[in-house]
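>>> Okay, predicted coordinates and the sequence, questions at the end:
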Amino acid sequence: MKSVTIYTDGACSGNPGPGGWAAILRYGEAEKVLSGGERNTTNNRMELTAVIRALEALKEPCDVTLYSDSKYVVEAMSQGWAKDWQARNWKRSSGGQAKNPELWERLLSLARTHRVRWEWVRGHAENEQNRRCDALAVEESRKFL
């Protein structure tokens, strides 16, 4: 399996409001940058979209190390919460409805295709690639202002 490193971030101006997402994929010396946005969305939806679009860009099953500053995404995937929500028909353990089930469905399906290690990084801190993704995501969100 090819080893790919992915950095992702999402941004939203207001929550909900105009949002953007970005991903940087690295394989050896090659780098691919993806970004986009939506007129009316939430920060969590943009964080999920960044991860989904990055994994969708892979043309074959890969060994992925994915860096995100979203504890929502990293913990839900690494600790199995998203699978649990799915098994309970998108109900959280507290009984409330899990948000963004259509995005979680896509992400869970993609995660089964690849071997993914989920790594949380502090946002806007020492990780240069996370800062790049943040700037790209903010830029995308501003297109809708």
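Thanks, I have it. Numbers count the residues shown, from 1 in each chain.

>>> which stretch of helix or strand covers R53?
According to DSSP states H and E, R53 maps onto helix 43-56.

>>> tell me which residues of that helix are tucked away?
43-55 (16 or more other CB atoms under 10 Å). No exception for glycine: its C-beta is placed from N, CA and C like everyone else's.

>>> Let me see the contact set for the residue sitting nearest the centre point of the chain.
Centroid check for the chain by CA atoms, centre = their mean gives V51 as the closest residue, at 2.8 Å. V51 is in contact with 6, 8, 23, 66, 68, 73, 107, counting by CB atoms under 8 Å, 6 or more residues apart in numbering.

>>> For the helix holding R53, what is the distance to the chain centroid?
Centroid separation between helix 43-56 and its chain, computed with CA atoms, centre = their mean, to the nearest Å, is 3 Å.

>>> what's the next secondary structure element after it?
Next in sequence after helix 43-56, counting helices and strands by DSSP H and E, comes strand 62-68.

>>> where do the strands sit along this structure?
2-12, 17-27, 30-41, 62-68, 115-120 (DSSP state E).

>>> quick one: strands adjacent to the last one?
On the basis of DSSP bridges, the sheet neighbours of strand 115-120 come out as strand 62-68 (parallel).
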